[in-house]
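Participant: generate a structure from the sequence data that follows.
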Amino acid sequence: MALPDLIEIVPLAQPARAEITVPGSKSITNRALILAALADGEVTLAGALWSEDTQIMVECLQMLGFEIRVENDSEEFCNRTITVKGLGGKIPNGGTAETRWSFLSATRERRRDFCRRSFVWARAFIGWREFHG
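Facilitator: Numbering: from 1, shown residues only. Just a heads-up that it's a prediction; the model follows:
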């Protein structure tokens, strides 16, 4: 269907009123997931973006032994409410820091552009926790 040669734009009679919910951020969601896993106790992330990358991060954390619950967001179909049970810096199925880093790096191969900065954050926090006990 072709567009008409001329489209009339009519000004609104009054200001528009609208309420919107925007999708979450992949980068912020992945960082928040790592921080939630390292926290002490249960952390709930509301409005977290549910993309392939964040799904992979959730799977990685679950494989490392973290308890994670994912629920639909009633306001935005591509967002989720994610609850993570943090263990105060402990990694349940982790081994050494190098083992954990290798696991996360290998998982990243599932998608080449998978949030490289999140892995840097994870490595920094894991190393910091082991150094500072």
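Participant: alpha carbons of the one helix or strand T83 maps to, as CSV, please.
Facilitator: In the assignment (DSSP states H and E), T83 maps to strand 79-87. The C-alpha coordinates for strand 79-87 follow below in CSV (Å, rounded to 0.1, in the frame of the first residue of the first chain):
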residue,chain,number,x,y,z
ASN,A,79,10.1,-7.6,31.4
ARG,A,80,10.2,-10.0,34.3
THR,A,81,10.3,-9.9,38.1
ILE,A,82,13.4,-11.9,39.0
THR,A,83,14.0,-13.0,42.6
VAL,A,84,17.6,-14.1,43.5
LYS,A,85,18.6,-15.7,46.8
GLY,A,86,22.1,-14.1,47.4
LEU,A,87,24.6,-16.0,49.5
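Participant: check which helices and strands it sits against.
Facilitator: Counting contacts by 3 or more Cβ pairs under 8 Å, 6 or more residues apart in numbering; DSSP states H and E, strand 79-87 is packed against helix 26-38, strand 40-49, strand 68-72. Where you see a C-beta, it was placed from the backbone N, CA and C, and this is true even at glycine.
Participant: of these, which approaches V58 most closely?
Facilitator: Nearest to V58 among the helices and strands packed on strand 79-87 is strand 68-72; the distance by Cβ to Cβ comes to 5.5 Å.
Participant: can you list the neighbours in contact with that closest one?
Facilitator: W50, V58, L61, Q62, R80, T81, I82, T83, V84, K85 (Cβ atoms under 8 Å, 6 or more residues apart in numbering).
Participant: just the C-alpha atoms of it, please, in CSV.
Facilitator: C-alpha atoms of strand 68-72 as CSV (Å, rounded to 0.1, in the frame of the first residue of the first chain):
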residue,chain,number,x,y,z
ILE,A,68,16.4,-17.8,41.1
ARG,A,69,12.7,-17.4,40.5
VAL,A,70,11.4,-15.6,37.3
GLU,A,71,7.8,-14.3,37.0
ASN,A,72,6.0,-12.4,34.2
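Participant: what angle sits between it and strand 79-87?
Facilitator: Inter-element angle recorded for strand 68-72 and strand 79-87: 160 degrees (by axes from the mean of the first three to the mean of the last three Cα atoms, to 10 degrees).
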